[in-house]
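Peer 1: sequence and predicted model, in that order:
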Amino acid sequence: MITDDFSDGARPIDRHADAPLWSQLEQELRRRMEAGHFERRFPTDRELMSIYEVSRHTARHAVSQLGADGILRRSRGVGTSVDRRTFERSLGSLYSLFQVVEESGVPQRSDVRALEIVTDAEAAEQLDLEPATPLVLIDRVRWAGDEPLAIDRIWLPADIAEPLLDADFTHTSLYNELDRAAGMHPNAGWERIHPGIPTDDERSSLHLEAREAVFSIERLGTYNGEPLEWRVTTIRGDRFTLLADWTAGQRNELRPHMLVG
């Protein structure tokens with residue numbers, strides 16, 4: 001017996017489409033989760049069979065694919081639930097980690113470890129500045145729910161970003177604060193993403209086990225073509241997913257990064 005009205009908002013499976021039924025069901029469930037369905041609990045295989053008129057094999061295959069992608073969790077005695085600890089964002093888009101977490105509905109905060117004016121030759125070089133140029137450094141641990149998600153280290157030219165020294169970064173977006181203080185935030189740039197082994201400090205700050213890895217995300221943000229932000233983010237590999245969009249008939253490419261030395 002179905003105790004929740006999971007049929008509300010369901011779209012029928014197209015049995016004449018080329019895509020397999022399990023694949024259509026998987027996409028349909030993704031659509032509904034993105035729309036905020038299944039907040040209280042996720043339907044059982046039997047309920048999916050009844051709602052979408054599919055076999056048990058089809059239902060289980062679709063659910064197993066969602067589990068393999070880290071979207072669903074199966075727990076003995078509890079059943080299947082949506083895993084809202086994992087955050088996803090699309091490659092090739094300007095995004096704010098604050099916004100990604102905020103839109104997921106998970107409470108968030110930041111522990112600010114440093115908010116000060118510094119000199120940093122490497123960051124200055126990335127920003128196309130002289131090595132001794134004063135920079136504003138923002139170093140914080142980003143939390144999502146009751147677990148740390150990332151360590152964010154950001155350098156910005158002090159002549160633009162000095163007003164940010166008065167900002168409260170425990171629960172706000174850098175880009176919101178930049179707009180408020182300077183009337184600008186990055187509108188273009190590039191990112192370099194690679195897996196990494198965390199340092200002892202990163203492992204401790206992110207509550208990682210001995211063999212857990214991280215993503216290292218380096219970002220140069222520019223405003224109207226001028227460097228504005230150099231950011232290095234260390235983010236937990238078990239809680240963050242990178243999604244690549246593509247469109248048939250359009251050129252989509254990965255640019256290899258050449259390591260020298």
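Peer 2: Received, thanks.
Peer 1: which ones are touching the residue nearest to Asn187 when sequence neighbours are not counted?
Peer 2: Among residues not flanking Asn187 along the chain, Tyr223 sits closest, at 5.9 Å (Cβ to Cβ, 6 or more residues apart in numbering). No exception for glycine: its C-beta is placed from N, CA and C like everyone else's. Applying Cβ atoms under 8 Å, 6 or more residues apart in numbering, we find Tyr223 in contact with 184-188.
Peer 1: next, count neighbours for the residue nearest to Glu218 when sequence neighbours are not counted.
Peer 2: Sequence neighbours aside, Arg192 is the residue nearest to Glu218 in space, at 4.6 Å (criterion: Cβ to Cβ, 6+ apart). For Arg192, the count of nearby residues is 12 (other Cβ atoms under 10 Å).
Peer 1: Arg192 and Glu47, how far apart?
Peer 2: 44 Å (Cβ to Cβ, to the nearest Å).
Peer 1: repeat for Ile138
Peer 2: Distance from Ile138 to Glu47, counting by Cβ to Cβ: 47 Å.
Peer 1: more neighbours, those two?
Peer 2: Between Ile138 and Glu47, counting by other Cβ under 10 Å, Ile138 is the more crowded of the two (24 against 18).
Peer 1: helix, strand, or coil at the spatially closest residue to that one that is not a sequence neighbour?
Peer 2: In this structure, Ile138 finds its nearest non-sequential neighbour in Ile154, 4.4 Å apart by Cβ to Cβ, 6+ apart. Here Ile154 is recorded as strand under DSSP: H, G, I helix; E, B strand; the rest coil.
Peer 1: how many neighbouring residues does Ile154 have?
Peer 2: If you count neighbours by other Cβ under 10 Å, Ile154 ends up with 23.
Peer 1: returning to what we had before: so which of the contacts of Tyr223 is the closest to Pro131?
Peer 2: Closest approach to Pro131 among the contacts of Tyr223 (Cβ to Cβ): Pro186, at 22.4 Å.
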